[in-house]
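Student: Structure for this input, please:
(2 chains)
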Number of protein chains: 2
Amino acid sequence: MLAEIITIGDEILIGQTIDTNSAWLGNRLNEYGIEVIQITSINDKKSSIIKALGEAEKRADLVLITGGLGPTKDDITKKVLAEYFECDLVYDKSAQDNIQTILKRLNREILQINLDQALVPEKCIAIQNSKGTAPGMYFEENNTIYVSMPGVPYEMRAMMENDIFKRLQSKNSSYAIEHHTITVVGIPESHLATSIEHIENSLPDYIKLAYLPHLNLVRLRLSAKSIEHSVEELSTQIQEVFNQIKMIIGDSWFEGETRLSAVVGESLVTNEKTIGTIESCTGGFIASKLTEIPGSSAYFKGSLLTYDYETKVSLAKIDQNLLNEVGAVSKEVCEMMAKNALDILEVDYCISSTGIAGPGGGTNEKPVGLVFIGLAKPDGSVMVEKCQFYGTRQQIVERTSNKALDMLRKAIKS
Amino acid sequence: MLAEIITIGDEILIGQTIDTNSAWLGNRLNEYGIEVIQITSINDKKSSIIKALGEAEKRADLVLITGGLGPTKDDITKKVLAEYFECDLVYDKSAQDNIQTILKRLNREILQINLDQALVPEKCIAIQNSKGTAPGMYFEENNTIYVSMPGVPYEMRAMMENDIFKRLQSKNSSYAIEHHTITVVGIPESHLATSIEHIENSLPDYIKLAYLPHLNLVRLRLSAKSIEHSVEELSTQIQEVFNQIKMIIGDSWFEGETRLSAVVGESLVTNEKTIGTIESCTGGFIASKLTEIPGSSAYFKGSLLTYDYETKVSLAKIDQNLLNEVGAVSKEVCEMMAKNALDILEVDYCISSTGIAGPGGGTNEKPVGLVFIGLAKPDGSVMVEKCQFYGTRQQIVERTSNKALDMLRKAIKS
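Tutor: Numbering: from 1, shown residues only, chains lettered A, B, ... in the order given. Next comes the predicted model:
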């Protein structure tokens, strides 16, 4: 089954909204063996929508449409669909009930524009929206399945998971597709590519290797698609290729495309260790990454964010003389931060960061992107790495966080 | 001038990468008066690329292509462009020099696949890449401008800013386009829409109003496009409409689509006040938002992240008996956190957060999404708001942060 995703809304074309829906849909459809062949983003003019629907149905068996179902006047998807499929808009009873339940729960007055969200084209099956007021719509017309959903990501996702995937599964004739991804940490893409080139060259036609660089991580994805092999066979072959790759890249990788914070969290739980941070230039970013994982309270205890000299002295007992002498962005201060915070927070591991995230504040000696990262370990010893990162303020903060979490990952492992 | 953006890469279609490039391009092109009429994402098969190029040149005067220029075998854009425009690939001298300079600076060995990145189709102008090794390509063929750029966001952005926009500006016959956005905080989209419906109904044809909800913020955008009015006239008309809207929504808005953290930062600077946070359920997220703004060291001093009972007691001197009695997620503890941290951090304002971000840890009495947010003010008084948020762990954390920063915004203003 081939799918096309159509996202409707001026906000995507003028860049006010980033299209995360298509990425989510692409990912999940792929897992169901449905190949997305195109994503098309168009404005919310009637003519654009009708043209895109017509073109998509030539390419795809399944057309997933998001956006344009809100209560406001700029949302016209529903009306255009009714026109495209030549039918009227009618009130759907269960959608009406859903709207009333939700608005009552939120203690909000029910307005006419809320109630009108229950209007759907007569030819569709209305799809329950468990997270919001706009119902989805499911059509089987012109030998194609069309699904129209709200643009609000969690509403769309719930609709797909609770309803649409079940409908699609019964329609989709399955052929073997298998993917697997590992994440490589700290090896530049071109070096990685050269060192595993011979492996890539020996791959059969039906296995593809893709490199997905993201800051100082590279996700390495093997995808196999075949009519002559079973999913199990493809899975075995992919694993064999990855085994060859892992022989070459040593311990600079972890399984899957999981977040580094999840990998680290799991190994903290396994080893029954706790973690804290003391952050300067990252301003809480490393802690917020560590705590983005559900259940992180099992290992994360707390942090000191010491952004200025005063808090470094008052909260983390950093020697004022040392600060004056070598400056906050130094190996010595970074080391003392980690060491002191390990004791203050009473944790097994403590990450420290101090650097210049920019864009201002750099000097010749200490340029923007210079960051010291410390890691105090259970035995009280501290390792410090001096890094020179490039990029925007946000990128420097993220690269620091990735590097720090990878130092932690390796330290726990060894 | 009408533009189409084509993004090339399986990683977008299978959802491994979110397409942030198109959003950035859409936004910047719009500011240059170039209207994006479609964004098309396709896989990196030759046939898909050639088909998309052909379709785009029927719709658009300008086709911007991103992706598929990396050094690895899955990157075929360059070869396909040479075939599409019927020419050979040749080495570009300045691209070669650039590659050597960058790799020397990074102390990396120069590999053949690095050097081959300097190959470009003979018919193009090679565009310097100041941030990476892959050159861009600029073609004027078939009455259309084609620009091919790397998919790495900061490389593509630098190329557009340093080179492409200058080339486009000389080609683009300008007609009047004007946009303005305000961000509304804490009013649900449907209520906002109903309360300003009469204003929306009275808008002339050439002014459009769009609602862009994001968590508990709604960005409200007025766009005007006209051949009969000047940019100045459109700007005045848009301002008049916004004045009417602001009369209705009171102080629940701020100018632009700036981040709330930037708005708050600016008013802290203006009022010469400092800020700190003490965070439990948000795990440093609020601090990392406050510090994402360049120059935030002028007002942000530090934070205590007290994730467990022990650090609440040891770092923030929260009364152990109080914790045992009412629990960490309570008005009383939230209030004491803000009050104590105001003194410990020696700041003018201090935000506190304590709640249940989920997905686990909820009870009937204290369900997932229950969050107390405190704000201690310069006079030592503390206000606490009890909130019930919905959504994923990350959404609850972000909503808490938005709410907290808006409490701070209003407090500083009054």
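Student: Residue A:87 should be in a helix, yeah?
Tutor: No. Residue A:87: not assigned to a helix; according to DSSP: H, G, I helix; E, B strand; the rest coil it is coil.
Student: List the contacts of it.
Tutor: Residue A:87 sits next to A:121, A:122, A:123 when contact means CB atoms under 8 Å, 6 or more residues apart in numbering or on different chains. C-betas here are computed from N, CA, C, even on glycine.
Student: From residue A:68, how far off is the nearest residue to the first one once chain neighbours are set aside?
Tutor: The one in question is residue A:121. In space, residue A:121 comes closest to residue A:82 once its chain neighbours are excluded; the distance is 4.0 Å by CB to CB, 6 or more residues apart in numbering or on different chains. Between residue A:82 and residue A:68 the distance is 13 Å, computed by CB to CB, to the nearest Å.
Student: Over to residue A:413?
Tutor: Applying CB to CB to residue A:413 and residue A:68 gives a distance of 49 Å.
Student: In terms of neighbours, single out the busier of these two.
Tutor: More crowded of residue A:413 and residue A:68, by other CB atoms under 10 Å in any protein chain shown: residue A:68, with 24 against 10.
Student: Now residue A:231: closest residue in space, sequence neighbours ignored.
Tutor: Distances taken as CB to CB, 6+ apart place residue A:176 nearest to residue A:231, at 4.8 Å, with adjacent residues excluded.
Student: Show me which positions of the one helix or strand residue A:103 maps to end up buried.
Tutor: Assigned by DSSP states H and E, residue A:103 belongs to helix A:93-105. Of all the residues in helix A:93-105, those buried under the rule 16 or more other CB atoms under 10 Å in any protein chain shown are A:95, A:96, A:98, A:99, A:102, A:103.
Student: who touches the nearest residue to the fifth one once chain neighbours are set aside in this structure?
Tutor: It stands for residue A:102. For residue A:102, ignoring the flanking residues on the chain, the nearest one in space by CB to CB, 6+ apart is residue A:133 at 5.8 Å. Counting by CB under 8 Å, 6+ apart, residue A:133 touches A:71, A:98, A:99, A:102, A:103, A:114, A:117, B:190.
Student: tell me which element residue A:133 is part of?
Tutor: Residue A:133 belongs to no helix or strand, assigned by DSSP H and E.
Student: follow-up on the earlier one: distance from the helix holding residue A:103 to the middle of the chain?
Tutor: From the chain centre to the centre of helix A:93-105 is a distance of 31 Å (CA atoms, centre = their mean, to the nearest Å).
Student: what's next to that helix, contact-wise?
Tutor: A:109-110, A:114-115, A:117-118, A:120, A:126, A:128-129, A:132-133, A:135.
Student: For chain B, state which of those residues is nearest.
Tutor: Closest to chain B out of the contacts of helix A:93-105 is residue A:114 (5.6 Å), distances taken as CB to the nearest CB.
Student: near chain B, anything from the helix or strand bottoming out on mean pLDDT in chain A?
Tutor: Lowest on mean pLDDT, DSSP states H and E among the helices and strands of chain A sits strand A:207-214, with a mean of 81. Yes. Strand A:207-214 reaches chain B (CB under 8 Å from any CB of the partner chain) through A:208, A:209, A:210, A:211, A:212, A:213, A:214.
Student: Can you select the buried ones among these for me in ChimeraX?
Tutor: A single ChimeraX command is used to select the members of those judged buried by 16+ other CB under 10 Å:
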select /A:208,209,210,211,212,213
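Student: sorry, back to before: and the residue nearest to residue A:231, what does it touch?
Tutor: By CB under 8 Å, 6+ apart, the contact list for residue A:176 reads A:224, A:225, A:226, A:227, A:229, A:230, A:231, A:233, A:234.
Student: same thing with residue A:90?
Tutor: Residue A:90 sits in contact with A:119, A:120, A:121, A:122, where contact means CB under 8 Å, 6+ apart.
Student: mind checking pLDDT for residue A:174?
Tutor: At residue A:174, the pLDDT value in this model is 64.
Student: how close does the residue of chain A positioned farthest from its centre sit to residue B:196?
Tutor: For chain A, the C-alpha farthest from the mean C-alpha position belongs to residue A:321; by CA atoms, centre = their mean, that distance is 43.4 Å. From residue A:321 across to residue B:196, the span is 60 Å (CB to CB).
Student: quick revisit: ok, of the contacts of residue A:133, which one's closest to residue A:164?
Tutor: For the contacts of residue A:133, the residue nearest residue A:164 by CB to CB is residue A:98; the value is 16.6 Å.
Student: about what we covered before: tell me the SS of the residue nearest to residue A:121?
Tutor: Under the three-state scheme (three-state DSSP), residue A:82 adopts helix.
Student: what does residue A:164 give?
Tutor: helix.
Student: Give the closest residue to it in space, chain neighbours not counted.
Tutor: Residue nearest to residue A:164 in three dimensions, not counting chain neighbours: residue A:147, with 5.6 Å by CB to CB, 6+ apart.
Student: can I assume that neighbour is in contact with residue A:69?
Tutor: No. Under the contact definition of CB atoms under 8 Å, residue A:147 does not touch residue A:69, with a separation of 11.8 Å.
Student: Give the residues shared as contacts by those two.
Tutor: Common neighbours of residue A:147 and residue A:69 (criterion: CB under 8 Å, 6+ apart): residue A:136.
Student: higher neighbour count, those two?
Tutor: Under the criterion of other CB under 10 Å, the comparison of residue A:147 against residue A:69 puts residue A:69 first, with 28 against 24.
Student: got a list of what that one touches?
Tutor: Going by CB under 8 Å, 6+ apart, residue A:69 touches A:75, A:77, A:78, A:117, A:134, A:136, A:148, A:149, A:150, A:151.
Student: Does the second one touch residue A:67 like I think?
Tutor: This points to residue A:77. Yes. Taking contacts as CB under 8 Å, residue A:77 lies within contact range of residue A:67: 6.7 Å.
Student: overlap in contacts of those two?
Tutor: Among the neighbours of residue A:77, those also in contact with residue A:67 (CB under 8 Å, 6+ apart) are A:8, A:44.
Student: Just the element for the residue nearest to residue A:280 when sequence neighbours are not counted, please.
Tutor: Spatially, and ignoring its direct neighbours in sequence, residue A:280 is nearest to residue A:354 (4.2 Å; CB to CB, 6+ apart). Here residue A:354, judged by DSSP H and E, is contained in strand A:349-355.
Student: partners of that strand in the sheet?
Tutor: strand A:275-279 (parallel), strand A:370-376 (antiparallel) (DSSP bridges).
Student: and those strands as JSON lines, adding mean pLDDT and mean neighbour count?
Tutor: Output for the strands paired with strand A:349-355, formatted as JSON lines (pLDDT from 0 to 100; neighbours: other CB atoms under 10 Å in any protein chain shown):
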{"stretch": "strand A:275-279", "mean pLDDT": "98", "mean neighbour count": "31"}
{"stretch": "strand A:370-376", "mean pLDDT": "98", "mean neighbour count": "25"}
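Student: could you dump those to TSV with distance to residue B:161?
Tutor: Converted to TSV, the strands paired with strand A:349-355 look like this (distance: least, CB to CB, whole Å):
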stretch	distance to residue B:161
strand A:275-279	31
strand A:370-376	25
